[in-house]
Every structure is written in structure tokens, then in C-alpha cells.
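K.L.:
could you work out the structure for the sequence below:
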Amino acid sequence: MGLDTVELMLKTEEDFGIVIHDYEAEEVATVGQLHALVVRKLRQVVDAPCLTAHAFYRLRRALVDLYDYERAWVHPRRTLFEVIPSRDPVPHWAALSFEANLTLPPLDRVGFWIWGRNAALPGAMTLGQLARETVAWSRLKQGDAEPDVDEEAVYEQLRDNIVEVAWVKPEAVIPEARFVHDLGMD
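P.N.:
Numbers count the residues shown, from 1 in each chain. Reported below is the predicted structural model:
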């Protein structure tokens, strides 16, 4: 596996929140094979027995990225009051939802009461509780249906990543394209 391929695999792991083991990456020769691997991995995450843990990990990654918190500092017992700036939580809540790629419950559902541009957080919901509430809220909104993986969106993101890493035209990134022979990746 060359540097381009390693860079692509790392970017793919980061963008999709999955882990691609070396032995799996070595088996991937085409764009279509990488797409199938990512979709399979995403479905495993969706079907994972602990969706709450997955939600927490996404929340933690987003909080670290948004506010430069130390990863170890962001743990399930940390309260929302400690991690979300309470002066005006609405834009922070939207940013957290976007960055974590989660549909967070409305602020009033987690205990934020907002008036004017000030907010207070009565009670102290923890990040662990927020992760559980996020899973429950997502299931409530979806009628308890498990979320499905948007295969087209996955393909588009992979295509964009390959174009960025391999410096190829988007039209060259087709499912049959081989990374080494067709796209010139090392």
C-alpha cells in the first residue's frame, strides 16, 4: 500500500467515523470495492448493539474539533453546562449537531430554557445522557426504524476524497477504476 492509498484510507476513516483494518485495505483494489467496504462498515455501526456509545463517540469527536477540548476531558459524566457555551447555546447546538453528524433533540428537550440571548441550563444533563437521548430522539423521529446508509452520498464523498488525494478528474472515479492502474495512486 502506497502513501496515496494510506492517505485515502485515513481520510475515509475520519470522514465516515469507521475503522478500516490493514488487512481490509489491502483487499481493496477498485473504487467500487472501497465503496462496498465503507457501506458495509457503516451498516455495522448502524446495527451495532450500542448506538449510545457510537453517539457519544461522535459527540466527543465534534466537541474536541469545535472547542479544542482535550479528548480525555470529554467523558460521559461531563455536563452539557460544562461543554456548551451557555450565553447563546442555539448556534453551538446546531454546530454540534452538524459536526457530529447527529440529529440532536431540541434544546428544550435536554433542559435548556432560552430567553432573549441568554440561556440557563437547569439540571445538568451529562454527555452520556445526551447520547442516550439522541438515540431515543432519532428512533422517535424515524418511527423506531433503523437508519439506512445513503449509498449515493457515500459514493459522492469517496469520489471527492479520491479526487483530492489522487489529483484525478471526477469523471475518472468510477466503480471499476483501479486505484493503482487506472487512477495512478501509489
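K.L.:
gap between the closest residue in space to Val19 that isn't next to it in sequence and Val6?
P.N.:
Nearest non-adjacent residue to Val19, counting by C-beta to C-beta, 6 or more residues apart in numbering: Glu13, 6.1 Å away. C-beta: built from backbone N, CA, C; applies to glycine. Glu13 sits 11 Å away from Val6, going by C-beta to C-beta, to the nearest Å.
K.L.:
re earlier: okay, now the residue nearest to Val19: neighbour count?
P.N.:
15 (other C-beta atoms under 10 Å).
K.L.:
same deal with Val165?
P.N.:
21.
K.L.:
is it in a helix, a strand, or coil?
P.N.:
Look at Val165: counting by DSSP: H, G, I helix; E, B strand; the rest coil, its state is helix.
K.L.:
ok, and the closest non-adjacent residue to it?
P.N.:
Once flanking residues are discounted, Val165 sits nearest to Leu8: 4.7 Å by C-beta to C-beta, 6+ apart.
K.L.:
the one you found: neighbouring residues, count only.
P.N.:
Leu8: 25 surrounding residues under other C-beta under 10 Å.
K.L.:
so what's it up against?
P.N.:
Leu34, Asn161, Ile162, Val165, Ala166, Phe179, Met185 (C-beta atoms under 8 Å, 6 or more residues apart in numbering).
K.L.:
buried sites along the helix or strand it falls within?
P.N.:
Taking DSSP states H and E as the criterion, Leu8 maps to helix 3-16. Within helix 3-16, the residues that count as buried by 16 or more other C-beta atoms under 10 Å are Asp4, Thr5, Leu8, Met9, Lys11, Thr12, Phe16.
K.L.:
please apply the same query to stretch 23-39.
P.N.:
Buried positions in stretch 23-39, judged by neighbour count with 16+ other C-beta under 10 Å: Ala25, Val28, Thr30, Val31, Gly32, Gln33, Leu34, His35, Leu37, Val38, Val39.
K.L.:
if I look at the third one, how far off is Asn161?
P.N.:
If I follow you right, that is Thr30. For Thr30, the distance to Asn161 - C-beta to C-beta - is 15 Å.
K.L.:
now do the nearest residue to Pro175 once chain neighbours are set aside against Glu14, distance only.
P.N.:
Counting by C-beta to C-beta, 6+ apart, Pro175 lies nearest to Gly32, which is 3.2 Å off, once chain neighbours are set aside. The gap separating Gly32 from Glu14 is 21 Å, by C-beta to C-beta.
K.L.:
about what we covered before: could you export the buried residues of stretch 23-39 as TSV, including pLDDT, distance to Leu130 and secondary structure?
P.N.:
Below are the buried residues of stretch 23-39 laid out as TSV (pLDDT from 0 to 100; distance: C-beta to C-beta, whole Å; DSSP: H, G, I helix; E, B strand; the rest coil):
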residue	pLDDT	distance to Leu130	secondary structure
Ala25	91	33	helix
Val28	94	35	coil
Thr30	95	40	strand
Val31	96	37	helix
Gly32	95	37	helix
Gln33	96	37	helix
Leu34	96	33	helix
His35	95	32	helix
Leu37	93	31	helix
Val38	92	27	helix
Val39	90	28	helix
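K.L.:
appreciated, that's everything.
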